[in-house]
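*Asks:* Kindly generate the corresponding structure for this input.
(4 chains)
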2 protein chains.
Amino acid sequence: MTTATTSRDLPHPARDEIRLEDILHALADPMRLQIVRELATDGGELSCSHFDLPVTKSTTTHHFRVLRESGVIRQTYRGTAKMNGLRRDDLDGLFPGLLDTLLDAATRQAVRLRSA
Amino acid sequence: MTTATTSRDLPHPARDEIRLEDILHALADPMRLQIVRELATDGGELSCSHFDLPVTKSTTTHHFRVLRESGVIRQTYRGTAKMNGLRRDDLDGLFPGLLDTLLDAATRQAVRLRSA
DNA sequence: CGACTCGTACGATAGGCATCGTAGTACGTG
DNA sequence: CACGTACTACGATGCCTATCGTACGAGTCG
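*Replies:* Below is the predicted model of the structure:
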């Protein structure tokens, strides 16, 4: 059965359609920043249902869509699951160092607030 | 007359009250990102009226307040003028490299969109 | 004091958005 | 085909926010 990846595609912005303001807006939400941090830690792709967020599934869908439409993540169906992965190549190509610096900033703040 | 700086103070978040999400939210607005870019280019302090933004003065005041309350800029009265400066020390202390990386990203996008 | 400039405050408005609930679709498995 | 799982679509709601206009306060200069 050729591991067909099910073809049902989702709209993503092309690399040169990605806007910095959209990225910042996407990451300005704590829920979405958390998702991106987990994706970065994992390094690979994670299904939506992997995340245990304190909101309903509707809201989770909404956040993943914002991340996809801003160009931060790439989403692909794989059977019933929807896999999510960071668009590292595109982001690093457009804005070198941005993603890593943002992730580092998020980590620093998490550490700082935890030990406060 | 001792250059009194007029004393009339404005509320700023302390360094450890600054939140990454607030910074990202502040900079996600094109108008505010532009203001920050000009402040960074200048390096010093600029009055509100220096900026020629395509919005009314009320709206300009609003944007500067968002930047101040998020901890991105410091505002001080000097006579009738209100001077604005980046909080470089605080931002670099909390989130090393973040401000420079964001400014670089903004510049890259500006160049890219101009030559599109 | 009076006039002028710079910026603020406040109310209104319109649009955006995070959230929810319910109903529904797509896919895999028995 | 029937069922369960994973995710979506849509409508509603309440909050946030970018914008404006007008009226006002604070400071400077004549």
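
*Asks:* Get me the contact residues on chain A for chain B.
*Replies:* Contacts of chain A with chain B, taken as CB under 8 Å from any CB of the partner chain, map to A:16, A:19-21, A:24-25, A:27-30, A:33, A:94-98, A:101-102, A:104-106, A:108-109, A:112, A:116. For the C-beta atoms, the positions are set from N, CA and C on the backbone; glycine is no exception.

*Asks:* Next one: residue A:24 from residue B:101, what distance?
*Replies:* 12 Å (CB to CB, to the nearest Å).

*Asks:* mind listing the helices for chain A?
*Replies:* Here chain A has its helices, by DSSP state H, at A:20-27, A:30-42, A:57-69, A:88-94, A:98-114.

*Asks:* what would the ones you listed look like in JSON lines with distance to DNA strand D?
*Replies:* Converted to JSON lines, the helices of chain A look like this (distance: least, CB to the nearest atom of the strand, whole Å):
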{"stretch": "helix A:20-27", "distance to DNA strand D": "9"}
{"stretch": "helix A:30-42", "distance to DNA strand D": "13"}
{"stretch": "helix A:57-69", "distance to DNA strand D": "3"}
{"stretch": "helix A:88-94", "distance to DNA strand D": "20"}
{"stretch": "helix A:98-114", "distance to DNA strand D": "18"}
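
*Asks:* Tell me which of these lies nearest to residue B:47.
*Replies:* helix A:20-27 (25.3 Å; CB to CB).

*Asks:* Report the mean per-residue pLDDT for that closest one.
*Replies:* For helix A:20-27, mean pLDDT is 98.

*Asks:* what bits of chain A have low per-residue confidence?
*Replies:* Scanning chain A for pLDDT under 70 picks out A:1-7.

*Asks:* Show me what from chain A comes close to DNA strand C.
*Replies:* Contacts of chain A with DNA strand C, taken as CB under 7 Å from any atom of the strand, map to A:6-8, A:25, A:29, A:31, A:54-59, A:62-63, A:66, A:77, A:79-80.
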